[in-house]
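**Student:** Mind folding the following:
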Amino acid sequence: MKIRIVALVFALALGVVCAFAEGTHTWIQNSYDDFEKGTANGVAIGSEGTLALAPAFRPIATTPSTYLWSIAAGPHGSVFLGGGTPARVYAVEPDGQIDTILETPELQVQALATDAQGMVYAATSPDGKVYRIQPRPASADTEAGPGVPKARPGVERGWISSVFYEPKTKYIWALALDSEGRLYIATGDRGEVFRVERNGHGSVFFKSDEAHIRSLAFDPQGNLIAGSDRSGLIYRIAPGGEAFVLYSAPKKEITSLAVDRAGNIYAAGVGDKRGVPGPVLLPSAGGAAVPVSNPGAASTPAAGNVTPGAAPNPPLPPGQGVVGSEVYRIAPDGSPTRIWESRDDLVYALGFDSQGRLVAGTGNKGRILLIQGERQFVDLLKASATQVTAFASAPDGALYAATSNLGKVFRLGAAPEAKGTYDSDVFDAKTFSRWGRAEVRGRGAFELWARSGNVENPDRNWSPWTRADWRKGEPLAVPPARFVQWRAVLLPGASPAEIDSVGLNYLPKNVAPVVDEIVVHAGARFQAVPKPAGPESVTIGLGPQPGPAPRAEIVPSAVRDRDAIAVRWAAHDDNDDQLLYSLYYRGDGETQWRLLKDKIADKFYSFDANMLPDGGYRIKVVATDLPSNSPDAALSGECESSYFEVDATPPRIDDLRAEDSNGKVRITFRASDGFSAIRRAEFSLDAGDWQYIEPVGSLSDARTENYDFALPEAVTPAPAAKKPGAAPPDPAGAAPADEHLIVVRVWDKFDNVATAKTVVRVK
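**Tutor:** Numbering: from 1, shown residues only. Here you go, the predicted structure:
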C-alpha cells in the first residue's frame, strides 16, 4: 500500500532527502513490472509483485501441424487436437503417442467437440464441414450410425470418419454440445448458429446481424452463450432460440467464452471497433500471417431472432489503444465488469483450473495467466510456443493446453512444481561498485544467489553463481563490478514459498562529474524561473524504496539584453550525485582564474556585462559532487568555454564640424572605440530620416574611422514671403541666416551606439 500526502512543508523537506542519490544505493525489485523483466522457470509472477511456485507444466507432444486451433478431452486421459498446415485431427495419449485420425482437404480444423459416446466432431474452414470421427467398429464396413453415410477409413487404423453436417457456409468457428447431445455450430459470413440433432439433421437455430459468431458456451440453465465478431456482442440464447444481448463489449471480437458453476460468464475481447475491419492474425514462424477469423467478411443485414426491445447493458469504458485485449465478467444478474486488460497480449482461450479459477491463454508470448479478480492476475508461465490457443480438462484436475507456432500440447498440473528458479534482469550500476547485503521480504523455503560482471551479457565471463547468506546479514560474496544479477530458487516446504521484494545494496565507486560543454551568450540574460504554486505531492512507499527519480531540470529561455551575459552548460555524473557549480572568468593576458559565482545548483547563470571591462574572456565551470559525498571523497570536474568578447562601452564621436562653403554644407567627424571596430554610421538632417554614410576609404573595419561628406543638396534659406505690415528689408541687403540641425550616430561591433549633434547656419 502507498500513501499520498499533499503538504508543502513536508514535501519540500522530504524532497531534500530524496532528490539525489548519494552514498549507499539500493536496487529494489518489488513489482510486477520489475519481475516481468526477468526469466522465470517454474515460478509464477503475481500482478501485485510476488514470486511463487507455478503449477507443474510439461510438454506432452509436438504435432506436425504448425497451428493447433482447438482441443477436446478424450477417454482415459487422452486428448484430441485440431489444427492446420496441414489440416488434421490428432489423438494424443497421456504418454505422448500421437495418431492422426483425420486429414481433410480443407485448410484448417478450427473446432472440436466430443460427446459421451466417444464421438469426435471436427469443424473445418474454409468451405466449412463438420466431420464425425469414431473408433473403428469390429467390421470396417459398419455404418457410422442411423442416417449417417457410410464412413470412409481414417488415416490411422482404429478410426473412421464421415461428413456429419454441412452448414453451407464458408467458416465454422466453434462447436458445442448440449445435455441432450445436440451439436451447435457457430459460423461466419452470415453470423448464424446451427443446431444439429444426433441423427445429422440440422437447421439454423439463431441468426444474428453480425458477420461471425466466434465462440460458444452453455450456462447452468442450458442457455447457449455466443460471442460475435464485428460489434463484440455477447448473446444469451434460450433453448427455444429466443436471444438477448447480454453485453456489447468495447472490443470488436469475442474470441473465447467460459461459464463457471455459479453462472458467471467470462469473455475475452480483442480488436478495436474504431479500427479498420480486418482479421486477427497469428504470425507464423516464417513471418507469414494466418487469420484467426475473417472480420471483414460481409454479413447479411437481418435482424435475426433477438428479442425485440432488448438493450445491452451500458458499455464499459473503452480500452486504450487499438491493440491488446480485455477479459470481462458478466454476473448472473447481467452486470458486466472488465477484470483484466493488456495492450500487448491477445487472449485466445479461457478455461478453469481444478479450483475453478479462470485461466487465460495468450499470444504472442505464449503466456498462461491466472485471472483472480479485477486487475489481479498471476503470470503462471510461458510455453515454448508463440500462442496458447485452447484448453481442455485433463485427469486429476489438470488442464491440457494447445499452442500454435509450434503446434504442441502441454499439461498444466493442479499441483505446483517441486522447484522453481527465477533469474532477475541484469542491473547496471553505471559504474564500478561494491556489492553489500541483500534485503529480501518473503516467506517459505527459498534461496538467493548472485553473480556479477563487467559486461552486460552474463554469459561473457561473469563470476559464478554464489549463494547469499542474506538471513545472516552477510554481504554478497561476488566481486565488485558494474553489473549484477540475482537468482531466487523456490523450494517445497510446509508453507508455500513466496517472495515479495528483493533489494541489493551497493556502493558505487565515486567518479568525478563531467562538464560536457559551455555556451556563452553575450547580450542575453535568462528569465527568472517561476516557483511552483501551491503544495507539492509526495508518494511515500511503505517498505524499501527504489532509487530516486532524476531531478527535473528546467532551463529558462534567454532574452536579448545587451547589458548582460548568459552562460549555460551541460554536465553529468555517473553516480547520479547532486552537483554544485562554480563559475570563473579569465581575461586576455591574464594567468589566474577569478571567481564569478559559486554554489550554483542550476546549469545556467546570467550576470551584468558591466562587471567585466571591455576585452576578450573565457569562462570556466567547475562541478563538484560534494553534496553527495564526504569532503575527503568528493571529486570535481571542469570545462572551459570558447573565447568570447565583451564590449559594453559605446564609441566616441570627436571633432564633429559642419561648414558652409558657397551654399554647400560639408560635415567631418572622427569615431573611435576602445575595443572593437566601428561598424556603421548614419546622419539625420533636421530630424529627417537617417541616412547611411561611409568612412573615408569606404571600408569600416578599424577602431577609429574618419568621416568627411557633403550633404546631398545645397542647404539654402527659402525665400521669405512678404507679409502685410512687415518691416522693410535691411537697407544694407544682408540676408537672414538659415539654421539646420545635424545629428550623427555610430555603432561599434557589439551594437553599442553613440550620438552627437551640431548646428550649421547657412546664409
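
**Student:** can you map out the helices along the protein?
**Tutor:** Under the criterion DSSP state H, helices of the chain are mapped to 8-18, 32-36.

**Student:** Can you flag the weakest of the ones you listed by average pLDDT?
**Tutor:** Sorting these by mean pLDDT places helix 8-18 lowest, at a mean of 34.

**Student:** number of nearby residues for N457?
**Tutor:** Counted with other C-beta atoms under 10 Å, the neighbours of N457 add up to 10. For every residue, glycine as well, the C-beta is placed using N, CA and C.

**Student:** Kindly provide the distance from it to D428.
**Tutor:** 12 Å (C-beta to C-beta, to the nearest Å).

**Student:** just F391 next, same as before
**Tutor:** 40 Å.

**Student:** who's more crowded, those two?
**Tutor:** F391 (25 against 12).

**Student:** and stretch 580-590, which residues are buried?
**Tutor:** Neighbour counts over stretch 580-590 (16 or more other C-beta atoms under 10 Å) mark L580, Y581, S582, L583, Y584, Y585, R586 as buried.

**Student:** Among these, which lie within strands?
**Tutor:** Among the buried residues of stretch 580-590, DSSP state E puts L580, Y581, S582, L583, Y584, Y585, R586 in strands.

**Student:** Make CSV out of the residues you listed and add distance to A401 and pLDDT.
**Tutor:** As requested, those are arranged in CSV below (distance: C-beta to C-beta, whole Å; pLDDT from 0 to 100):
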residue, distance to A401, pLDDT
L580, 59, 96
Y581, 60, 97
S582, 65, 97
L583, 66, 97
Y584, 69, 96
Y585, 72, 95
R586, 74, 95
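
**Student:** So S495 is in contact with G444, correct?
**Tutor:** Yes: shown here, S495 and G444 form a contact pair, counting by C-beta atoms under 8 Å, at 4.9 Å.

**Student:** okay, these two: which has more neighbours?
**Tutor:** G444 (16 against 9).

**Student:** how far away is the more buried one from D209?
**Tutor:** On the measure of C-beta to C-beta, G444 and D209 end up 54 Å apart.

**Student:** V746 now?
**Tutor:** 86 Å.

**Student:** For burial, what's the neighbour tally of the closest residue to Q108 other than its chain neighbours?
**Tutor:** Once flanking residues are discounted, Q108 sits nearest to G84: 3.7 Å by C-beta to C-beta, 6 or more residues apart in numbering. Using other C-beta under 10 Å, G84 has 22 neighbouring residues.

**Student:** how about G84, what does it touch?
**Tutor:** S65, T66, Y67, W69, L107, Q108, V109, V290 (C-beta atoms under 8 Å, 6 or more residues apart in numbering).

**Student:** what about 10 Å?
**Tutor:** Neighbouring residues of G84 by C-beta atoms under 10 Å, 6 or more residues apart in numbering: 65-69, 104, 106-110, 124-125, 290, 404, 407.

**Student:** Pull the most distant pair out of these.
**Tutor:** Farthest pair in the contacts of G84 (C-beta to C-beta) is T104 and S404. Separation: 18.1 Å.

**Student:** And the pLDDT for D95?
**Tutor:** The model's pLDDT for D95 equals 89.

**Student:** And it, how far from V89?
**Tutor:** In terms of C-beta to C-beta, D95 sits 19 Å off from V89.

**Student:** Between the two, which has more neighbouring residues?
**Tutor:** Taking other C-beta under 10 Å, D95 and V89 do not tie; V89 has more neighbours (29 against 9).

**Student:** quick one on the thing from earlier: now flag whichever of the contacts of G84 is closest to L507.
**Tutor:** S404 (48.9 Å).

**Student:** just for this protein, where's the confidence low?
**Tutor:** Scanning the chain for pLDDT under 70 picks out 1-22, 138-157, 274-323, 529-553, 663, 713-737, 763.

**Student:** Which segments of it make up each domain?
**Tutor:** 56-412, 514-529+556-646, 652-719+733-762 (automatic domain parsing).

**Student:** before we move on, back to that, for beta bridges, what are the partners of the residue nearest to Q108?
**Tutor:** Y67, Q108 (DSSP bridges).

**Student:** and if you look at V440?
**Tutor:** Residues in beta-bridge contact with V440 (DSSP bridges): V502.

**Student:** just F194 next, same as before
**Tutor:** With DSSP bridges as the rule, F194 is bridged to I185, V204.

**Student:** so how many other residues sit close to it?
**Tutor:** Neighbours of F194 (other C-beta under 10 Å): 23.

**Student:** Just to check, it is in contact with A176?
**Tutor:** No: the pair F194 / A176 is not scored as a contact, 11.2 Å apart, by C-beta atoms under 10 Å.

**Student:** Give me the common contacts of the two.
**Tutor:** Joint contacts of F194 and A176 (C-beta under 10 Å, 6+ apart) are L183, Y184, I185, A186.

**Student:** for the third one, what are its contacts?
**Tutor:** Residues counted as contacts of I185 (C-beta under 10 Å, 6+ apart) are 111, 113, 121, 123, 128, 130, 164-165, 167, 169, 172-176, 192-196, 202, 204-205, 213, 216.

**Student:** Out of those residues, which end up buried?
**Tutor:** Here, 16+ other C-beta under 10 Å leaves 111, 113, 121, 123, 128, 130, 164-165, 167, 169, 172-176, 192-196, 202, 204-205, 213, 216 buried among the contacts of I185.

**Student:** tell me, what residue is most central in the protein?
**Tutor:** The centre of the chain sits closest to R343, judged by C-alpha atoms, centre = their mean, with a distance of 9.9 Å.

**Student:** With adjacent residues omitted, what lies nearest to that residue?
**Tutor:** Nearest to R343 is G324, by C-beta to C-beta, 6+ apart, at 4.0 Å.

**Student:** Likewise for D647?
**Tutor:** F750 (3.9 Å).

**Student:** In contact with the one you found, which residues?
**Tutor:** 522-523, 562, 609, 614, 645-651, 673, 675-677, 679.

**Student:** Make a PyMOL selection of the buried ones in those.
**Tutor:** Of these, the buried ones can be selected in PyMOL as follows, counting by 16+ other C-beta under 10 Å:
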select buried, resi 522+523+609+614+646+647+648+649+650+651+673+675+676+679
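
**Student:** Quick check: buried residues in stretch 679-698?
**Tutor:** R679, R680, A681, E682, F683, S684, L685, I693, P695.

**Student:** what do you get for stretch 214-229?
**Tutor:** 214-219, 223-229.

**Student:** so what's the closest residue in space to R562 that isn't next to it in sequence up against?
**Tutor:** Excluding the flanking residues, the one nearest R562 by C-beta to C-beta, 6+ apart is G523, at 4.8 Å. Each residue near G523 by C-beta under 10 Å, 6+ apart is listed here: 558, 560-566, 609, 646-648, 750-751.

**Student:** Kindly report the same for K430.
**Tutor:** When contacts are counted by C-beta under 10 Å, 6+ apart, K430 touches H25, R482, F483, P508, V511, D573, D574, N575, D576.

**Student:** Dump those residues to CSV, plus distance to K365.
**Tutor:** Shown next, in CSV, are the contacts of K430 (distance: C-beta to C-beta, whole Å):
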residue, distance to K365
H25, 32
R482, 30
F483, 25
P508, 34
V511, 39
D573, 37
D574, 34
N575, 36
D576, 33
